[in-house]
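A.B. asks: Here you go, sequence then predicted model.
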Amino acid sequence: MQNIYIFILTTIIAIISSVPLQAQTEKKLVKTVVIDAGHGGKDPGAIGKISREKKLTLAIALKLGNLIEKNVPGVNVLYTRKKDEFIDLGSRAEFANNNNADVFISIHINSCKSSRVKGFRTYVNGTARDQENIMLQNQENGDETVDTIVHSLDYVERVNIHNGNHQYSRYLASAIQKQFREHTGRKDLGIEQACFAVLWRTNMTAVLIECGFISNVEEETYISNSNNQEIIASAIYRAFKAYKYLMENGKINGIEKSKEEMNKLITEAEIATKPANINQNNATTKTNDSAPKPNNTTTQVVAKEEKNTNQATTSNNNNNVYFRIQVKSNPTPIPLNSKEFKGLKVEEIKADGKYKYTVGKTQDYNELIKIQNETRKLIKDAFAIATQGDKIFSQVETQKLINEAKRKATQTNK
């Protein structure tokens, strides 16, 4: 009898192995993505000094969904939650399955006993049992143990589903890590496997992203900034576009590839999709010359506009690039002498259908930092932007220009 079972099993394996590679590389449309903001409601997730995981994940999730909705026609974007509410883990996965999602992206913020640990990591489903992953699995799975999650459903069916999706999930995870690495400047902790409830129970390509450590002061401050949340969302958005291209052009199959082969295909996809720069539109500027001068308790910030050796330039044209500090963005105009600006001398820039309000104008890196520090004494979440004529650069490009200005300033000071 045992020999008969062995023969049947061998026959099945042989049949599966004989499926032509052509069938395994069939083009698949990516029509629906479910974005899952981790935790929510009574479940705050990890708690930092100035923020909670549930708030940060929701902010990033909504920004990500907005980017896909605006820039990827034909993709249906669904959310497990769009507000601060509690949704159990099983319901999140069930929501994705019931809506026949092609991709499931769960967004989280990590935490660690050591405040020195930092970096980003993307997880795919697996059964890794090292101590670090066990702690994280317990943290993200709430009251459910790994064994409960695994055996709560048909084990064989789950394994078959995830074996079929594993390579696809790794491609998406690799694209996410590549984008984070190249555009956020954060530490790359790589791709790992873990038995998270939302990954185990979903039927499609699924990843869980730990966008940084809330337990690390530097990273918590970074992730809590709305501008940086936009950069994180933009990185995931670009990775999603690359993955979609690979799937719909039959570039991925279920056969495991080396890291080098995967990166080569992902780079090809990034070039092919040529993502447009986000938040880069025509802009008009209005200054508040009539605004009242600040009182004695307010520090006025004045920017130097003279040329200097630390100026930022671009290779595209001869127009100078200036750095400014954005303090406010609003869909409707705000009076330039409004109390919202706390006595600061601001300029109004109309771009991307919104009114943006900025302080200072400089080409010098050291002056930029000075303006930013002074402005943040009054408006804590103020951040730097770069402009060139009537153009506002994306935040990714702005950071590159700032880094270049910093490099030049460092060379000059030597």
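C.D. replies: Structure received.

A.B. asks: So residue 35 is in contact with residue 103, correct?
C.D. replies: No. Taking Cβ atoms under 8 Å as the contact criterion, residue 35 and residue 103 are not neighbours in contact, 9.1 Å apart. Where you see a C-beta, it was placed from the backbone N, CA and C, and this is true even at glycine.

A.B. asks: neighbour count winner among these two?
C.D. replies: Neighbours per residue, other Cβ atoms under 10 Å: of residue 35 and residue 103, the larger number sits with residue 35, 28 against 24.

A.B. asks: ok now stretch 54-62, how far from the chain's centre?
C.D. replies: Distance, stretch centre to chain centre, for stretch 54-62: 10 Å (Cα atoms, centre = their mean, to the nearest Å).

A.B. asks: can I see the domain layout of this protein?
C.D. replies: Listed by automatic domain parsing, the domain ranges of the chain are 26-273, 284-413.

A.B. asks: Kindly reformat the ones you listed as TSV containing mean pLDDT.
C.D. replies: What follows is these, written out as TSV (pLDDT from 0 to 100):
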stretch	mean pLDDT
domain 26-273	86
domain 284-413	72
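
A.B. asks: Out of those domains, which one sits most buried?
C.D. replies: Of the domains of the chain, the one with the most neighbours on average (mean count of other Cβ atoms under 10 Å) is domain 26-273, at a mean of 19.

A.B. asks: sec struct for residue 199, please.
C.D. replies: The three-state label given to residue 199 by DSSP: H, G, I helix; E, B strand; the rest coil is helix.

A.B. asks: whoops, residue 114 was the one
C.D. replies: Counting by three-state DSSP, the backbone at residue 114 sits in coil.

A.B. asks: which residues touch it?
C.D. replies: residue 215 (Cβ atoms under 8 Å, 6 or more residues apart in numbering).

A.B. asks: Could you tell me how far it is located from residue 224?
C.D. replies: With distances taken as Cβ to Cβ, to the nearest Å, residue 114 is found 20 Å from residue 224.

A.B. asks: Next: residue 391.
C.D. replies: As it turns out, when the distance is counted by Cβ to Cβ, residue 391 lies 28 Å from residue 224.

A.B. asks: Same check on residue 363?
C.D. replies: For residue 363, the distance to residue 224 equals 29 Å [Cβ to Cβ].

A.B. asks: And for residue 110?
C.D. replies: Using Cβ to Cβ, one obtains 14 Å as the distance from residue 110 to residue 224.

A.B. asks: Check residue 211 too.
C.D. replies: Residue 211 is 11 Å from residue 224, where distance means Cβ to Cβ.

A.B. asks: Give the residues shared as contacts by these two.
C.D. replies: Counting by Cβ under 8 Å, 6+ apart, the contacts common to residue 211 and residue 224 are residue 56.

A.B. asks: Just give the closest residue to residue 37, not the sequence neighbours.
C.D. replies: Taking Cβ to Cβ, 6 or more residues apart in numbering as the measure, residue 37 lies nearest to residue 61, with 3.7 Å between them; neighbours along the chain are not counted.

A.B. asks: now the helix or strand hosting the one you found, how far from the centre of its chain.
C.D. replies: Using DSSP states H and E, residue 61 sits in helix 53-71. For helix 53-71, the gap between its own C-alpha mean and the chain's C-alpha mean amounts to 8 Å (Cα atoms, centre = their mean).

A.B. asks: Quick one: list the elements packing against that helix.
C.D. replies: Judged by 3 or more Cβ pairs under 8 Å, 6 or more residues apart in numbering; DSSP states H and E, the packing partners of helix 53-71 are strand 32-37, strand 76-79, strand 103-110, strand 205-213, helix 226-248.

A.B. asks: Reformat those as TSV; add distance to residue 47.
C.D. replies: What follows is these, written out as TSV (distance: least, Cβ to Cβ, whole Å):
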stretch	distance to residue 47
strand 32-37	16
strand 76-79	23
strand 103-110	10
strand 205-213	12
helix 226-248	18
